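Engineer: any chance you could fold what I've pasted below:
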Amino acid sequence: MNTATLEPAAHLGHRSRPFAWVQQSLTLAWRNIVRIRQNPEALADVTFQPIIFLALFLFVFGGAIAGGGGWRGYLPQLLPGLLVQTVVFATMGTGVGLNDDFAKGVFDRFRSLPIARVSPLIGAVLGDAVRYSLSIVILMTSGFVLGFRFDNGVGNGLLGMLIVLLFALSMCWIWVWLGLVMKTAQGVQGIAFLVMFPLTFGSNIFVPTSTLPGFLQAFTKVSPITYLVDTERALMGGGALQKPLLITLAWMVGLVAVFAPLAIRAYRRRT
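Structural biologist: I've put the predicted structure just below:
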C-alpha cells in the first residue's frame, strides 16, 4: 500500500483530536524557550534593562521627585510602577520576533505541519511568558536588595506579580497583530515605541497624577497603565483595590477580545 495516501488521513485525524491545539501550542512554546536558551543575549532587554531603569529613576531622579523622603521613601511608590513599565515594554519583543520569524520563512514550515492554524501564535505568546516572568523576578529581586518589602502581605504581593504577567500576556496580542500586518521587524519596533513611551511615561508610574498638567491628567485617568499601577501599589503596599483591579481586568479581557481575533485573521491572510 502506498504510504503517501495515508499521510493526509493521518494529518486529518491529528487535527481533529479535541484540544489537540493545546498540546501543539505548548510544543511550539517550548520551541521558543529553547531558542532563548540557545541565544541568551536576546534576554538583554529583560535582564539588564530593569536594573538600569531602577537605578536610574531611583538614584538619579528619586531625590528630586520624592523630596525630603529621599530614594528610600520613593522606592515603595516607584517599584510597583516600574514593574508595570518593564513588563509592558517587554511585550514588544513578541511582535518583533514574530515578524522576524515570518521573514525567515519559519511560518512557511509551520503551515506544512498538521497543526491547528492558531497554535504558532499561541505558542509564541506562551513562550514569551518566560521572558516576562524573568523580567519580573529580576526587578523584584533588585528591589528587595534595596529594601523594598510587601507591606500588604506576601500573598498579595505575589498576586500583584501574577496580574502584571497576565496583563502582559493580554497586551502582547497588540504586537502580535502588528507583527503580522507590518512588513519589517524594525517597523513593528518603531510603532511600538511610539505607543509605549507616551503610554507609560504619561501615567502615574513616576509621579502622582495630580502633579501633571490638566490635559495630561485627562489622558492618564483613562489609561490602562494607570489602573494597573494603582492595582500593583494597592496589592503590594495597601490602599484602595477594588476599582483599579476591576478596570484592569476589564482592559485585559478587552485587549484579548479585540486583538487576538485580529491577529488570527491577519495570520490566516498571511499564510
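Engineer: going forward, measure contacts between C-alpha atoms and count neighbours the same way
Structural biologist: Noted.
Engineer: for the host helix or strand of residue 199, packing partners?
Structural biologist: If you go by DSSP states H and E, residue 199 is part of helix 185-201. Using 3 or more CA pairs under 8 Å, 6 or more residues apart in numbering; DSSP states H and E, the elements in contact with helix 185-201 are helix 92-103, helix 154-181.
Engineer: got the angle for that helix vs helix 154-181?
Structural biologist: 140 degrees (axes from the mean of the first three to the mean of the last three CA atoms, to 10 degrees).
Engineer: could I get the buried residue list for the next helix or strand after helix 185-201?
Structural biologist: Under the assignment DSSP H and E, the closest C-terminal helix or strand after helix 185-201 is helix 214-220. With burial defined by 16 or more other CA atoms under 10 Å, the residues of helix 214-220 counted as buried are 217, 220.
Engineer: use 61 as the first number from now on
Structural biologist: OK, 61 is where the count begins now, so the last one is helix 274-280.
Engineer: chain center to helix 274-280: distance?
Structural biologist: 24 Å (CA atoms, centre = their mean, to the nearest Å).
Engineer: quick one, the host helix or strand of residue 318 and helix 152-163 angle?
Structural biologist: Assigned by DSSP H and E, residue 318 belongs to helix 302-330. Comparing the axes of helix 302-330 and helix 152-163 via the same axes, to 10 degrees yields an angle of 10 degrees.
Engineer: by contact count, what packs against helix 302-330?
Structural biologist: Under the contact definition 3+ CA pairs under 8 Å, 6+ apart, helix 302-330 sits against helix 214-241, helix 284-297.
Engineer: hmm, back to that, in the helix holding residue 259, what's buried?
Structural biologist: 245, 248, 249, 252, 259, 260.
Engineer: export it as CSV, just CAs?
Structural biologist: Provided in CSV are the C-alpha atoms of helix 245-261 (Å, rounded to 0.1, in the frame of the first residue of the first chain):
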residue,chain,number,x,y,z
ALA,A,245,10.6,44.0,12.4
GLN,A,246,12.1,47.5,12.6
GLY,A,247,8.7,48.9,11.7
VAL,A,248,7.0,47.0,14.4
GLN,A,249,9.5,48.2,17.0
GLY,A,250,9.2,51.8,15.8
ILE,A,251,5.4,51.8,16.1
ALA,A,252,5.6,50.0,19.5
PHE,A,253,8.0,52.7,20.9
LEU,A,254,5.7,55.5,19.6
VAL,A,255,2.8,53.9,21.5
MET,A,256,4.6,52.7,24.7
PHE,A,257,6.6,55.8,25.6
PRO,A,258,3.6,58.2,26.0
LEU,A,259,1.5,55.4,27.5
THR,A,260,4.0,54.6,30.3
PHE,A,261,5.7,58.0,30.9
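Engineer: low-confidence ranges in this structure?
Structural biologist: Applying pLDDT under 70 to the chain flags the ranges 61-79, 81, 102, 126-129, 172.
Engineer: report the central residue of it.
Structural biologist: The chain has residue 228 as the residue nearest its centroid, 2.8 Å off, counting by CA atoms, centre = their mean.
Engineer: that one reaches residue 145, doesn't it?
Structural biologist: No: if you go by CA atoms under 8 Å, residue 228 and residue 145 don't touch, sitting 10.2 Å apart.
Engineer: circling back: and for the helix holding residue 259, what's in contact with it?
Structural biologist: The contact list for helix 245-261 (CA atoms under 8 Å, 6 or more residues apart in numbering) reads 145, 149, 152, 155-157, 159-160, 235, 238-239, 242, 283, 285.
Engineer: so which of the residues you listed wins on neighbours?
Structural biologist: Sorting the contacts of helix 245-261 by how many neighbours each has (other CA atoms under 10 Å) puts residue 239 first, at 30 neighbours.
Engineer: surely it meets residue 156?
Structural biologist: Yes: using CA under 8 Å, residue 239 makes contact with residue 156 at a distance of 6.0 Å.
Engineer: what number of residues lie near residue 82?
Structural biologist: Look at residue 82: counted by other CA under 10 Å, it has 14 neighbours.
Engineer: so who does it touch?
Structural biologist: residue 179.
Engineer: next: residue 294.
Structural biologist: Applying CA under 8 Å, 6+ apart to residue 294 gives the contacts 212, 300, 301.
Engineer: same thing but 6 Å
Structural biologist: residue 301 (CA atoms under 6 Å, 6 or more residues apart in numbering).
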